[in-house]
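Q: pasting a predicted model and its sequence here:
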Amino acid sequence: QVHLVESGGGLVQAGGSLRRSCAASGSIVSINAMGWYRQAPGKQRELVAMISTGSSTNYADSVKGRFTISRDNAANTVWLQMNSLKPEDTAVYYCNAPGVLNTMGYRANYWGQGTQVTVSS
């Protein structure tokens, strides 16, 4: 069993900052990319940012220049630093680790529990 445990998030005023973390644990052999998605009410879940083991990053256009993703490969942990937050960033944010090789010998896509981030205007 593989678990992604998230922390951080909450309520912040527009222009403020939040930092989220996500730690993967359990029956892990290796993890490739790790990242974050978000889902606002009435909208589809969308990619926010993704980072490879080699630290290559990919960001949604809407967060470029404001959000920064980073990771510690040895600790299987990923962070999302969110600056200059806007009300439209309000959503449930989910940690994601696609293609995790587990000790059962197969790859699977894992999700964190999701945490609400609310940005007030």
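A: Arrived safely.

Q: please name the bridge partners of the residue nearest the centre of the chain.
A: In the chain, the C-alpha nearest the mean C-alpha coordinate belongs to W36, at 2.5 Å (C-alpha atoms, centre = their mean). Going by DSSP bridges, W36 is paired in beta bridges with A49, C95.

Q: show me the contacts for it.
A: Counting by C-beta atoms under 8 Å, 6 or more residues apart in numbering, W36 makes contact with 20, 22, 47-50, 69, 78, 80, 93-96. Just so you know, the C-beta spots here come from the backbone N, C-alpha and C atoms, and that holds for glycine as well.

Q: then V29?
A: V29 sits in contact with L101, N102, T103, where contact means C-beta under 8 Å, 6+ apart.

Q: which members of those residues are positioned in strands?
A: Among those, DSSP state E puts L101, N102 in strands.

Q: please indicate which of the contacts of V29 are buried?
A: For those, a burial check counting by 16 or more other C-beta atoms under 10 Å picks out L101, N102.

Q: show me which of the contacts of V29 is closest to I28.
A: Proximity of the contacts of V29 to I28 (C-beta to C-beta) peaks at N102, which lies at 6.3 Å.

Q: show the model's pLDDT score for that closest one.
A: Note for N102: predicted pLDDT of 91.
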